[in-house]
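K.L.:
test case, fold it:
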Amino acid sequence: MGANLKLKLIAWGFGIWILGGMGTFPFDSREAHGSWQKIEEGLELTAHQIEGPPYETLIRFIGLRINPKKFQLRVMESRAWGVDRMDIKSLVRKNQALAGINGGFFQPDFKPLGLIIVDGRQTNPIRKTDWGIFLIENERARIIHTRDFQNDRMITQALQVGPRLVAEGRELRLKRQVARRSALGITSDGDVILLNTEDTEVYAQDLARIFRLPEVEGGLGCREALALDGGPSAQMYGEYKNLRIDIPGKTAVANGIGVFPMKERR
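P.N.:
Just a heads-up that it's a prediction; the model follows:
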């Protein structure tokens, strides 16, 4: 890819488009299933369109794959900026993140629901419910059940949300309902995948299958996966080097998960 070529992926009606130095052309992700576009070492992008059995609906999604030893993943809160809500684009830009996705649930007044830990400090209490917790501990990403959480000073980031989609490589049984989705998964190599289904409404069970299946079978190869807040909250934004993602939601959100450059160790 030439130095002047910029890649831009955006939700555009019924497809995804790449805008580059050589013009504009449609990107048919069905022909690139399982392929990843390298943005930088430890940060990759994919775009898929899936239709037909065993999936029940047309599915389009954008995915970012992050190596947590190369890039930081941090919880971003709107209230850290003196407001109760922001769209993810504003939250990413305020925090000077490279990319981000919406995070956990919140009440009608936008007060967050569930455990939140930001940079080692707990900012919201745990909720006793059948959800999962995404956390970063010693630069390692994990997804655990709420009942298995034990607070530890080595946990730098945590976000409680749900339901879990995949646990120990097994699809969990999920409610039969469709919605726009945001989710994250952890691969067998320990990479984190942030995913948004753009303008398509997807069954949670189908999304779990996509996360679980290995890449050679058209999946993402994740041993763990967790649904984030979906429906009108689902949104994703990224702006870094040749990366451009802008998938807006229909409401502002209380928090999100951001991708940041790794801080230099002193």
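K.L.:
count of neighbours near the spatially closest residue to residue 167 that is not a sequence neighbour?
P.N.:
Leaving aside its sequence neighbours, residue 167 sits nearest to residue 224 (CB to CB, 6 or more residues apart in numbering; 6.3 Å). Glycine gets a C-beta too; all of them are placed from N, C-alpha and C. Using other CB atoms under 10 Å, residue 224 is surrounded by 25 other residues.
K.L.:
same question, residue 168
P.N.:
If you count neighbours by other CB under 10 Å, residue 168 ends up with 6.
K.L.:
try the one 5 residues further on
P.N.:
The burial count assigned to residue 173 is 9, neighbours taken as other CB under 10 Å.
K.L.:
chain neighbours aside, what residue packs nearest to it?
P.N.:
residue 205 (7.8 Å).
K.L.:
against which helices or strands is the helix or strand that that neighbour is a member of packed?
P.N.:
Here residue 205, judged by DSSP states H and E, is contained in helix 204-212. Applying 3 or more CB pairs under 8 Å, 6 or more residues apart in numbering; DSSP states H and E, one finds that helix 204-212 makes contact with strand 59-66, strand 164-167, strand 170-171, strand 182-187, strand 192-196, strand 222-227.
K.L.:
reformat the ones you listed as a markdown table; add mean pLDDT and distance to residue 248.
P.N.:
Compiled in a markdown table, the helices and strands packed on helix 204-212 are given as follows (pLDDT from 0 to 100; distance: least, CB to CB, whole Å):
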| stretch | mean pLDDT | distance to residue 248 |
| --- | --- | --- |
| strand 59-66 | 97 | 13 |
| strand 164-167 | 98 | 24 |
| strand 170-171 | 97 | 30 |
| strand 182-187 | 98 | 12 |
| strand 192-196 | 98 | 10 |
| strand 222-227 | 98 | 19 |
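K.L.:
quick one, which of these is nearest to residue 79?
P.N.:
strand 182-187 (19.9 Å; CB to CB).
K.L.:
check which helices and strands that closest one sits against.
P.N.:
In terms of contacts (3+ CB pairs under 8 Å, 6+ apart), strand 182-187 is packed against strand 99-102, strand 140-145, strand 164-167, strand 192-196, helix 204-212, strand 222-227.
K.L.:
and the next helix or strand past the first one?
P.N.:
Following the chain from strand 99-102 toward its C-terminal end, the next helix or strand by DSSP H and E is strand 116-118.
K.L.:
adjacent strands (with direction) for that following strand?
P.N.:
If you go by DSSP bridges, strand 116-118 pairs up with strand 121-124 (antiparallel), strand 155-161 (antiparallel).
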